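*Asks:* Below are the sequence and a predicted model; questions follow.
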Amino acid sequence: MIQKLQRRFALSRQGAIDLIKGCLACVLQDLSFMFPVGLLYQFVLDMMAGGVNGSRILFYLAGCAACLVLIFVVTWFQYNATYLATYVESGVRRISLAEQLRKIPLSFFGKKDLADLTNSIMGDCATLETTFSHYVPALFGSLISTTLVAVCLLFFNVKMALAAIWVLPVAFAITLFSARIQEYFNRKAVAANVALEKGVQECIESMQDLKAYNAEHRYLTGLYRKIDESEKRHIVTELGTALFVVSSTLILKFGIATTALTGSVLLIRGEIDIPLFFMFLLVVSRIYSPLEGALQNLAAVISSRTNISRMNEILDHPVQTGSKDLTNKGYDIRFDHVGFSYNTGETILKDVSFTAKQGEVTALVGPSGGGKTTVSRLAARFWDIQRGTITVGGMDISKVDPETLLSFYSIVFQDVTLFNNTIMENIRIGRKDATDAEVLAAARLANCEEFALRLPDGYNSMIGENGCELSGGERQRISIARAFLKDAPIILLDEATASLDVENETLIQSALSRLIKEKTVLVIAHRMRTVSGADKVVVLSEGTVAEQGTPKELLQSGTIYPHMAGLQDISQSWKL
């Protein structure tokens with residue numbers, strides 16, 4: 001049962017156990033509210049039998065005190081078993097999602113964007129937090145306690161019991177019948193929410209471009225439509241839910257009427273007495289109260305299925321696994337008849353074979369879309385290939401744990417990601433246990449000192465979200481400094497000097513020449529000036545290795561490489 005609850009509600013094992021405890025606590029709480037009804041019933045019997053004497057008054061006073069204590073203790077237990085346990089589980093759920101995302105191949109992120117994932121981790125988790133603190137335990141608690149009370153009523157009088165409880169299956173049937181409709185409405189509402197979040201995020205990120213092209217009004221008009229659509233979807237969802245919940249609640253009200261009418265008829269016939277009739281009226285006045293809330297809870301639980309399925313999509317996604325034991329001999333990277341395609345089905349690499357040797361610089365060049373960046377990502381197992389093998393020092397990387405494998409790599413991406421922290425701490429990302437002296441040494445190698453010392457707090461200056469306080473070249477130099485600091489045996493450079501001016505590019509290349517000694521370097525570059533110093537050039541075109549060799553050899557015998565070099569010479573002589 002615990003495993004089914006884990007799957008059904010996207011819970012951890014402890015969360016499923018806590019859910020069971022919460023349901024039992026709600027059962028006890030609902031039953032505790034029936035004790036005052038029994039006490040009142042007994043009081044009426046005593047009054048009808050001739051009054052209440054002094055000892056009975058003490059009995060009823062003690063009974064009232066006992067009911068208060070019982071309700072207090074049970075409610076305290078219920079609060080801890082539902083609300084507090086749910087908040088703990090909510091934290092566990094968010095952490096488990098983050099851990100799962102850390103292990104999922106990057107191919108998954110091609111289907112999801114930031115707004116969608118953020119909505120799953122924050123929005124869906126918040127929805128489930130409310131569901132499991134307010135709805136699920138109360139729902140099951142009401143169902144179980146009502147069933148127990150209904151069974152007890154059958155022992156008193158079957159006809160009266162049936163008159164009181166016939167409305168229960170009808171009311172729940174109406175709500176359950178609406179399950180698919182509510183799920184449909186909720187899916188539409190969630191989709192509208194995600195679309196709105198995407199629009200808001202895109203608007204903020206592209207505000208500079210929107211202003212530059214006077215496109216704010218046109219873009220905001222579309223964003224307003226998304227806001228209206230989200231609002232409309234939520235209104236429709238609420239109305240759809242209310243239609244069935246209100247109908248179910250009205251059905252419950254008929255239970256009081258049928259109990260009163262049936263009791264009156266039976267009382268006239270002499271089949272029941274007044275105390276029993278009074279007792280049933282007391283019970284039905286109490287039994288329907290938690291059920292009215294339970295019906296609303298049932299609707300909320302049904303609606304939460306959409307949120308749960310979105311979270312299970314992440315939790316159930318296959319993760320990259322492998323051995324933590326490294327068996328490589330050296331750090332040569334070998335692609336052997338590698339084929340790869342993204343989720344779209346479009347083939348990116350068809351039959352790629354080459355070797356990037358340790359101690360050499362291997363440059364990947366070729367037309368845009370030829371697969372250069374894909375090759376560098378596959379070398380670090382950001383994705384898993386469909387055909388062929390990729391080895392590092394003879395070790396098949398598909399059988400190595402991704403995080404263990406990445407200890408071999410220092411990577412400088414074309415798109416730099418920085419954190420809203422100091423320059424020092426952003427560089428220290430390369431190796432968290434590095435001393436300040438080691439960080440500063442890496443910064444100097446990457447030529448960061450020139451701009452860092454101009455800032456008010458030097459290397460301790462905050463650089464804003466994603467380094468917004470720095471220029472593109474300065475941001476890229478911090479990224480390069482990370483690679484220096486990590487000092488891994490394999491270096492992947494994806495347009496590492498693309499945002500640098502000629503002077504800084506020369507300084508970086510000079511530093512790189514010191515860094516790459518005895519290391520495997522795989523560099524993606526479009527500038528022939530960068531490629532000219534490489535030991536080997538691999539020309540990728542249309543997903544295959546079209547040419548490979550030294551720059552000199554390719555200039556003499558190649559076709560694509562000489563053509564690219566000639567075009568760049570022409571572009572450098574171009575003037576306004």
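*Replies:* Arrived safely, thanks for sending. Source: prediction; values computed, not measured.
*Asks:* SS state for the residue nearest in space to the middle of the chain?
*Replies:* Against the mean C-alpha coordinate of the chain, by C-alpha atoms, centre = their mean, the closest residue is I121 at 3.4 Å. In three-state terms, and counting by DSSP: H, G, I helix; E, B strand; the rest coil, I121 is helix.
*Asks:* Let me know the helix or strand that the spatially closest residue to it that is not a sequence neighbour is in.
*Replies:* Spatially, and ignoring its direct neighbours in sequence, I121 is nearest to L97 (5.4 Å; C-beta to C-beta, 6 or more residues apart in numbering). In short, each C-beta sits where N, CA and C put it, glycine included. According to DSSP states H and E, L97 maps onto helix 85-103.
*Asks:* pLDDT on that helix, on average?
*Replies:* Average pLDDT, helix 85-103: 82.
*Asks:* who's in contact with it?
*Replies:* Here helix 85-103 makes contact (C-beta atoms under 8 Å, 6 or more residues apart in numbering) with 10-12, 14-15, 18, 21-22, 117, 120-121, 125-126, 128-129, 132-133, 311, 314-315, 317, 319-321, 402.
*Asks:* need the helices for the stretch 251-400 of the chain, in chain order.
*Replies:* 274-315, 372-379 (DSSP state H, counting those that start in this stretch).
*Asks:* Which of those helices has the highest mean neighbour count?
*Replies:* Most buried of the helices of the stretch 251-400 of the chain, by mean neighbour count (mean count of other C-beta atoms under 10 Å): helix 372-379, with a mean of 23.
*Asks:* what's near enough to touch the residue nearest to the centre of the chain?
*Replies:* 94, 97-98.
*Asks:* just the buried members of those?
*Replies:* Among these, the ones that count as buried by 16 or more other C-beta atoms under 10 Å are 94, 97.
*Asks:* In TSV: the contacts of I121, plus distance to A442.
*Replies:* TSV is the format used below for the contacts of I121 (distance: C-beta to C-beta, whole Å):
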residue	distance to A442
R94	33
L97	33
A98	28
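*Asks:* from the contacts of I121, which is closest to I181?
*Replies:* Taking C-beta to C-beta as the measure, L97 is the one of the contacts of I121 closest to I181, at 28.8 Å.
*Asks:* Got the domain ranges for this protein?
*Replies:* Structurally, the chain divides into domains by automatic domain parsing as follows: 2-315, 333-572.
*Asks:* Could I get the contacting residues of the nearest residue to K253 once chain neighbours are set aside?
*Replies:* Once flanking residues are discounted, K253 sits nearest to Y288: 7.7 Å by C-beta to C-beta, 6+ apart. Contacts of Y288 were listed using C-beta under 8 Å, 6+ apart, and they are 252-253, 255-256.
*Asks:* can we see that at 10 Å?
*Replies:* 146, 164, 167-168, 171, 249, 252-253, 255-256, 294-295 (C-beta atoms under 10 Å, 6 or more residues apart in numbering).
*Asks:* how much space between it and F278?
*Replies:* With distances taken as C-beta to C-beta, to the nearest Å, Y288 is found 17 Å from F278.
*Asks:* By mean pLDDT, point me to the weakest helix or strand of this structure.
*Replies:* Using mean pLDDT, DSSP states H and E, helix 502-515 stands out as the lowest-scoring helix or strand of the chain, at a mean of 68.
*Asks:* Parallel or antiparallel, list what pairs with the following helix or strand past that helix.
*Replies:* Per DSSP H and E, the first helix or strand lying C-terminal to helix 502-515 is strand 520-524. Applying DSSP bridges, strand 520-524 is found paired with strand 361-365 (parallel), strand 490-494 (parallel).
*Asks:* Just give the number of residues close to L223.
*Replies:* L223 has 16 neighbouring residues, counting by other C-beta atoms under 10 Å.
*Asks:* can you tell me which helix or strand it belongs to?
*Replies:* L223 belongs to helix 216-269, assigned by DSSP H and E.
*Asks:* quick one: T506 from Y135, how far?
*Replies:* 64 Å.
*Asks:* The two: which is more packed in?
*Replies:* Y135 (22 against 14).
*Asks:* What sits closest to the more buried one if chain neighbours are left out?
*Replies:* Y135 sits nearest to N297 (C-beta to C-beta, 6+ apart), 4.0 Å away.
*Asks:* how about the one you found, what does it touch?
*Replies:* N297 touches 131, 134-143, 175, 245, 290-291, counting by C-beta under 10 Å, 6+ apart.
*Asks:* what's the answer for V284, then?
*Replies:* 149, 153, 160, 163-165, 167, 252, 255-260, 263.
*Asks:* Can you give me the first-to-last residue distance of stretch 448-455?
*Replies:* 11 Å (C-alpha to C-alpha, to the nearest Å).
*Asks:* again but with stretch 421-431, I slipped
*Replies:* Stretch 421-431 stretches 16 Å from its first residue to its last (C-alpha to C-alpha).
*Asks:* Now that stretch: average pLDDT?
*Replies:* Per-residue pLDDT over stretch 421-431 has a mean of 91.
*Asks:* can you give me the strands for this structure?
*Replies:* 333-341, 347-356, 361-365, 387-392, 395-396, 409-412, 490-494, 520-524, 536-541, 544-549 (DSSP state E).
*Asks:* got CSV for those strands, with mean neighbour count too?
*Replies:* What follows is the strands of the chain, written out as CSV (neighbours: other C-beta atoms under 10 Å):
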stretch, mean neighbour count
strand 333-341, 19
strand 347-356, 19
strand 361-365, 25
strand 387-392, 18
strand 395-396, 17
strand 409-412, 23
strand 490-494, 24
strand 520-524, 25
strand 536-541, 23
strand 544-549, 18
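*Asks:* Give me the residue ranges of the stretch 351-500 of the chain where confidence is low.
*Replies:* Confidence mapping of the stretch 351-500 of the chain against pLDDT under 70 gives the ranges 496-500.
*Asks:* how about a markdown table for the domains of the chain, with distance to L326 added?
*Replies:* Shown next, in a markdown table, are the domains of the chain (distance: least, C-beta to C-beta, whole Å):
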| stretch | distance to L326 |
| --- | --- |
| domain 2-315 | 19 |
| domain 333-572 | 7 |
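*Asks:* so where is the stretch 101-250 of the chain shaky, pLDDT-wise?
*Replies:* In the stretch 101-250 of the chain (pLDDT under 70), the answer is 107, 110-113, 115.
*Asks:* top of the contacts of Y288 by neighbour count?
*Replies:* That'd be A294 among the contacts of Y288, by other C-beta under 10 Å, with 29 neighbours.
*Asks:* Excluding chain neighbours, what is closest to that one?
*Replies:* S142 is the one closest to A294 (C-beta to C-beta, 6+ apart), at 3.6 Å.
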